[in-house]
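S.K.: okay, here's the prediction I keep looking at, along with the sequence it came from:
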Amino acid sequence: MSELRVFDTFSAEVRALLDHTAVEKSYSSLGPDGPNELYDFIHGMVGGHGHALGEIVYKAKRFAAKGNREDLLKIAAWAFLIWRFSRD
Amino acid sequence: MRKIIPVLTLLAILLAGCAQTLEHAIWSSPSGTAGYIPPGSAESVLERKLELLQAHIERVLGVSIHFAFMQDDEHATSEFGTSYLEQRHIIIGAQLGTQARIEVMLHEAAHIIMPEWLTYSEAEMFADAVSLDVCRRFGIDTKATTAQYLAKHKHATYILQAYANEIAWAAAVLSGVVE
């Protein structure tokens, strides 16, 4: 993680996370704003955002216990996906 | 009157228990999909999950999955499902219902990614444990059928502890949530 703790760095790290996670799991990525087949799969299987919310809680607890700042980026990435795919 | 009091007390406890069970179930249900689902449409939800799961497994494991009747297939090891590691191919019994297809598909997919040195009973224990774990994550209760099936492999239950990490990893891969 970059030592420069500014918002642009944070958002760039979250963007990279959103891009790489899909590719690592054999899903294509057209960027954070493109189609997200992996999230569609998980959302469809769980029947909602329950899994994503669980990931946030899990990573928040893990950050509280271990203090790894990457967990904060993962929380932000999951929060973005929920924000993006939630119905009004 | 004295005889009635214990009966009434027992009834009150039972009713309170039912209320707590309902309250727990309500809180456990995701708010995002809250609403009345008419009986019968649960099957279509399950069919959608089967479609999603098949596409996911084919993509992530690089396998092809087909449904067929295998009674007359001499290469099939079971009439319910068979996986061919070399050919990256899985066949699921076409006679199975939707939930059974999901269970068997996950079981056969687990065979593709399990440690290759397991014995037959160990492999069955591993694969069904993975299937159970993934189904549980996606709100499908298969514990009874899993336990019933694995009862003939009781001597291999040590696999559940010895390979707990590998089972969890395989379940995470098939769930699409491995970190």
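M.R.: Yep, that arrived.
S.K.: how about A:K74, what does it touch?
M.R.: By C-beta atoms under 8 Å, 6 or more residues apart in numbering or on different chains, the contact set of A:K74 is A:17, A:55, A:59. Every C-beta, even on glycine, is put in place using the N, C-alpha and C of the backbone.
S.K.: can you give me the helices for the chain?
M.R.: Using chain A here. A:7-24, A:37-46, A:50-66, A:70-85 (DSSP state H).
S.K.: oops, chain B please
M.R.: Secondary structure of chain B by DSSP H: the helices cover B:4-28, B:41-61, B:98-113, B:120-137, B:143-150, B:159-162, B:164-175.
S.K.: taking the centroid of chain A, which residue is nearest it?
M.R.: The residue lying closest to the centre of chain A (C-alpha atoms, centre = their mean) is A:A77, at 2.5 Å.
S.K.: show the pLDDT at that one.
M.R.: You'll see A:A77 listed with a pLDDT of 94.
S.K.: that one and B:S175, how far apart?
M.R.: 17 Å (C-beta to C-beta, to the nearest Å).
S.K.: in the chain, where is pLDDT below threshold?
M.R.: In the absence of a named chain, this looks at chain A. A:1-3 (pLDDT under 70).
S.K.: you looked at the wrong chain, it should be chain B
M.R.: Low-confidence segments of chain B (pLDDT under 70): B:1-2, B:10-11, B:13-19, B:30, B:32-33, B:37-40, B:179.
S.K.: swap in 80 and give it another go.
M.R.: Across chain B, the ranges flagged by pLDDT under 80 are B:1-20, B:25, B:27-41, B:71-77, B:178-179.
S.K.: all set now, cheers.
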